[in-house]
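In: Take a look and give me a structure for this.
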Amino acid sequence: MKLVLLFGPMAVGKMTVGQELAKMTELKLFHNHMTIELLCPYFGFSPEMWELAHQFRMSIFETYAKGEGYGMIFTFVWAFDVQADWDYVKQVGDIFEKHGGEVYWVELEAELDTRIERNRGENRLANKPSKRDVEQSEARMLTAVQQHRLNSNDGELVHERYLKINNTFLTPEEVAGQIKAHFQL
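Out: Numbers count the residues shown, from 1 in each chain. Alright, predicted model coming up:
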(Lines give C-alpha, C1' and ligand atoms only; values in the text may rest on other atoms or scores of the structure.)
Protein backbone atom coordinates (compact mmCIF):
# COMPACT_ATOMS: atom_id res chain seq x y z
CA MET A 1 0.00 0.00 0.00
CA LYS A 2 1.34 3.38 -1.01
CA LEU A 3 0.27 6.87 0.02
CA VAL A 4 1.47 9.77 -2.12
CA LEU A 5 1.03 12.96 -0.11
CA LEU A 6 0.87 15.65 -2.79
CA PHE A 7 1.00 19.07 -1.18
CA GLY A 8 1.65 22.70 -1.95
CA PRO A 9 -0.09 26.08 -2.02
CA MET A 10 -3.50 26.71 -3.49
CA ALA A 11 -3.74 26.43 -7.29
CA VAL A 12 -0.24 24.98 -7.64
CA GLY A 13 -1.70 22.07 -9.59
CA LYS A 14 -2.01 19.29 -7.01
CA MET A 15 -5.32 17.87 -8.21
CA THR A 16 -4.39 18.06 -11.89
CA VAL A 17 -1.01 16.41 -11.29
CA GLY A 18 -2.80 13.83 -9.14
CA GLN A 19 -5.24 13.12 -11.98
CA GLU A 20 -2.33 12.50 -14.36
CA LEU A 21 -0.44 10.36 -11.84
CA ALA A 22 -3.57 8.26 -11.29
CA LYS A 23 -3.79 7.70 -15.07
CA MET A 24 -0.16 6.51 -15.16
CA THR A 25 -0.33 4.20 -12.14
CA GLU A 26 -2.79 2.12 -10.16
CA LEU A 27 -3.00 4.85 -7.49
CA LYS A 28 -6.45 6.26 -6.68
CA LEU A 29 -6.81 10.04 -6.40
CA PHE A 30 -8.39 11.50 -3.27
CA HIS A 31 -8.07 15.27 -3.64
CA ASN A 32 -8.90 17.40 -0.64
CA HIS A 33 -11.83 19.08 -2.34
CA MET A 34 -13.71 15.80 -2.59
CA THR A 35 -14.76 16.25 1.04
CA ILE A 36 -14.91 20.04 0.91
CA GLU A 37 -17.30 20.08 -2.05
CA LEU A 38 -19.53 17.52 -0.36
CA LEU A 39 -19.89 19.61 2.80
CA CYS A 40 -19.55 23.22 1.66
CA PRO A 41 -23.12 23.57 0.32
CA TYR A 42 -24.43 22.72 3.80
CA PHE A 43 -21.91 24.40 6.09
CA GLY A 44 -19.89 26.89 4.03
CA PHE A 45 -16.24 27.29 5.00
CA SER A 46 -17.13 26.99 8.69
CA PRO A 47 -15.39 25.22 11.58
CA GLU A 48 -18.14 22.58 11.40
CA MET A 49 -17.35 21.88 7.74
CA TRP A 50 -13.63 21.50 8.47
CA GLU A 51 -14.30 19.17 11.41
CA LEU A 52 -16.59 16.95 9.34
CA ALA A 53 -14.10 16.94 6.45
CA HIS A 54 -11.39 15.85 8.89
CA GLN A 55 -13.56 13.05 10.27
CA PHE A 56 -14.49 11.80 6.80
CA ARG A 57 -10.89 11.86 5.63
CA MET A 58 -9.59 9.98 8.66
CA SER A 59 -12.25 7.30 8.21
CA ILE A 60 -11.42 6.99 4.52
CA PHE A 61 -7.70 6.74 5.23
CA GLU A 62 -8.19 4.09 7.94
CA THR A 63 -10.48 1.98 5.81
CA TYR A 64 -8.40 2.27 2.64
CA ALA A 65 -5.08 1.60 4.41
CA LYS A 66 -6.45 -1.73 5.68
CA GLY A 67 -7.40 -2.83 2.17
CA GLU A 68 -5.59 -4.52 -0.65
CA GLY A 69 -5.41 -1.59 -3.08
CA TYR A 70 -2.17 -0.42 -4.67
CA GLY A 71 -2.37 2.99 -3.08
CA MET A 72 -3.77 6.48 -2.88
CA ILE A 73 -2.79 10.02 -3.81
CA PHE A 74 -3.99 12.61 -1.30
CA THR A 75 -3.71 16.33 -2.07
CA PHE A 76 -3.74 19.11 0.49
CA VAL A 77 -2.40 22.54 1.46
CA TRP A 78 0.14 22.44 4.29
CA ALA A 79 0.73 25.60 6.33
CA PHE A 80 4.29 25.00 7.53
CA ASP A 81 3.96 27.66 10.21
CA VAL A 82 0.99 25.87 11.86
CA GLN A 83 1.83 23.01 14.23
CA ALA A 84 -1.63 21.47 13.79
CA ASP A 85 -0.83 20.94 10.09
CA TRP A 86 2.41 19.12 10.97
CA ASP A 87 0.45 16.96 13.42
CA TYR A 88 -2.21 16.23 10.79
CA VAL A 89 0.32 15.15 8.19
CA LYS A 90 2.03 12.88 10.71
CA GLN A 91 -1.32 11.37 11.69
CA VAL A 92 -2.22 10.63 8.06
CA GLY A 93 1.17 9.07 7.35
CA ASP A 94 1.02 7.02 10.54
CA ILE A 95 -2.31 5.50 9.49
CA PHE A 96 -0.76 4.01 6.35
CA GLU A 97 2.54 3.04 7.96
CA LYS A 98 0.87 1.15 10.81
CA HIS A 99 -0.76 -1.04 8.15
CA GLY A 100 2.56 -1.66 6.41
CA GLY A 101 2.21 1.11 3.84
CA GLU A 102 4.83 3.44 2.43
CA VAL A 103 4.42 7.21 2.41
CA TYR A 104 5.78 9.32 -0.46
CA TRP A 105 6.07 13.05 0.12
CA VAL A 106 5.68 15.21 -3.00
CA GLU A 107 5.77 18.99 -2.69
CA LEU A 108 4.81 21.29 -5.53
CA GLU A 109 5.74 24.94 -5.78
CA ALA A 110 5.04 27.54 -8.46
CA GLU A 111 5.24 31.28 -8.88
CA LEU A 112 2.24 33.23 -7.54
CA ASP A 113 1.38 34.68 -10.96
CA THR A 114 1.18 31.15 -12.37
CA ARG A 115 -1.04 30.05 -9.48
CA ILE A 116 -3.37 33.02 -9.97
CA GLU A 117 -3.72 32.02 -13.63
CA ARG A 118 -4.29 28.35 -12.72
CA ASN A 119 -6.96 29.38 -10.22
CA ARG A 120 -9.13 30.22 -13.23
CA GLY A 121 -8.43 26.95 -15.07
CA GLU A 122 -11.26 24.96 -16.62
CA ASN A 123 -10.37 21.67 -14.91
CA ARG A 124 -10.10 23.34 -11.50
CA LEU A 125 -13.47 25.06 -11.84
CA ALA A 126 -15.13 21.90 -13.18
CA ASN A 127 -13.97 19.80 -10.22
CA LYS A 128 -14.20 22.40 -7.45
CA PRO A 129 -17.53 24.26 -7.41
CA SER A 130 -16.44 26.29 -4.38
CA LYS A 131 -13.73 27.88 -6.57
CA ARG A 132 -16.17 29.12 -9.24
CA ASP A 133 -16.45 32.52 -7.57
CA VAL A 134 -12.95 33.20 -8.87
CA GLU A 135 -12.59 36.60 -7.22
CA GLN A 136 -13.43 35.15 -3.81
CA SER A 137 -11.19 32.14 -4.42
CA GLU A 138 -8.30 34.38 -5.45
CA ALA A 139 -8.82 36.58 -2.38
CA ARG A 140 -8.66 33.50 -0.11
CA MET A 141 -5.50 32.39 -1.88
CA LEU A 142 -3.81 35.79 -1.49
CA THR A 143 -4.82 35.96 2.16
CA ALA A 144 -3.32 32.51 2.77
CA VAL A 145 -0.07 33.59 1.09
CA GLN A 146 0.13 36.60 3.42
CA GLN A 147 -0.75 34.66 6.57
CA HIS A 148 1.08 31.35 6.08
CA ARG A 149 4.20 29.72 4.69
CA LEU A 150 2.84 27.22 2.19
CA ASN A 151 6.10 25.65 0.98
CA SER A 152 8.88 24.09 3.02
CA ASN A 153 12.26 25.64 3.55
CA ASP A 154 15.30 23.89 2.10
CA GLY A 155 16.22 20.93 4.30
CA GLU A 156 13.08 21.20 6.43
CA LEU A 157 11.60 17.91 5.21
CA VAL A 158 14.03 15.03 5.48
CA HIS A 159 11.89 12.03 4.64
CA GLU A 160 13.50 9.15 2.78
CA ARG A 161 10.83 9.31 0.05
CA TYR A 162 10.56 13.07 -0.55
CA LEU A 163 10.52 15.04 -3.80
CA LYS A 164 10.05 18.78 -4.35
CA ILE A 165 9.18 20.05 -7.83
CA ASN A 166 8.82 23.60 -9.07
CA ASN A 167 6.11 23.15 -11.68
CA THR A 168 5.80 26.77 -12.80
CA PHE A 169 6.79 25.85 -16.37
CA LEU A 170 5.92 22.13 -16.42
CA THR A 171 2.77 20.41 -17.63
CA PRO A 172 0.83 18.18 -15.23
CA GLU A 173 1.85 15.18 -17.36
CA GLU A 174 5.54 16.08 -17.02
CA VAL A 175 5.26 16.46 -13.25
CA ALA A 176 3.34 13.20 -12.87
CA GLY A 177 5.95 11.47 -15.03
CA GLN A 178 8.75 12.80 -12.80
CA ILE A 179 6.96 11.53 -9.69
CA LYS A 180 6.30 8.12 -11.19
CA ALA A 181 9.90 7.74 -12.37
CA HIS A 182 11.49 9.09 -9.18
CA PHE A 183 9.59 6.70 -6.92
CA GLN A 184 9.22 3.88 -9.45
CA LEU A 185 5.46 3.78 -8.96
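In: helix/strand/coil for P9?
Out: For P9, the assignment made with DSSP: H, G, I helix; E, B strand; the rest coil gives coil.
In: Looks like it contacts Q147 (just checking).
Out: No: under the criterion of Cβ atoms under 8 Å, P9 makes no contact with Q147, lying 11.9 Å away. All C-beta spots, glycine's among them, are computed from the backbone N, C-alpha and C.
In: of the two, who's got more company?
Out: Counted by other Cβ atoms under 10 Å, P9 and Q147 do not tie: P9 has more neighbours, with 23 against 11.
In: separation between that one and V158?
Out: Going from P9 to V158 by Cβ to Cβ, to the nearest Å gives 21 Å.
In: now L112
Out: With distances defined as Cβ to Cβ, the gap from L112 to V158 amounts to 27 Å.
In: next one: G67
Out: Computed as Cβ to Cβ, the G67 to V158 distance reads 29 Å.
In: who's more crowded, these two?
Out: Using other Cβ under 10 Å, the more surrounded residue of G67 and V158 is G67, with 10 against 7.
In: Next up, the contacts around that one.
Out: When the contact criterion is Cβ atoms under 8 Å, 6 or more residues apart in numbering, the partners of G67 are M1.
In: What pLDDT is listed against it?
Out: Residue-level confidence at G67 comes out at 94, pLDDT.
In: Q136 now?
Out: Looking at Q136, its pLDDT is 86.
In: repeat for K2
Out: Model confidence at K2, given as pLDDT, is 97.
In: Mind listing the residues bridging to it?
Out: Going by DSSP bridges, K2 is paired in beta bridges with G71, E102.
In: pretty sure it contacts Y104?
Out: Yes: counting by Cβ under 8 Å, K2 touches Y104, with 6.5 Å between them.
In: do you know how far the closest residue to G100 other than its chain neighbours is from N151?
Out: Counting by Cβ to Cβ, 6 or more residues apart in numbering, the nearest residue to G100 once its immediate chain neighbours are dropped is M1, at 6.6 Å. Noted for M1: a distance of 27 Å to N151, by Cβ to Cβ.
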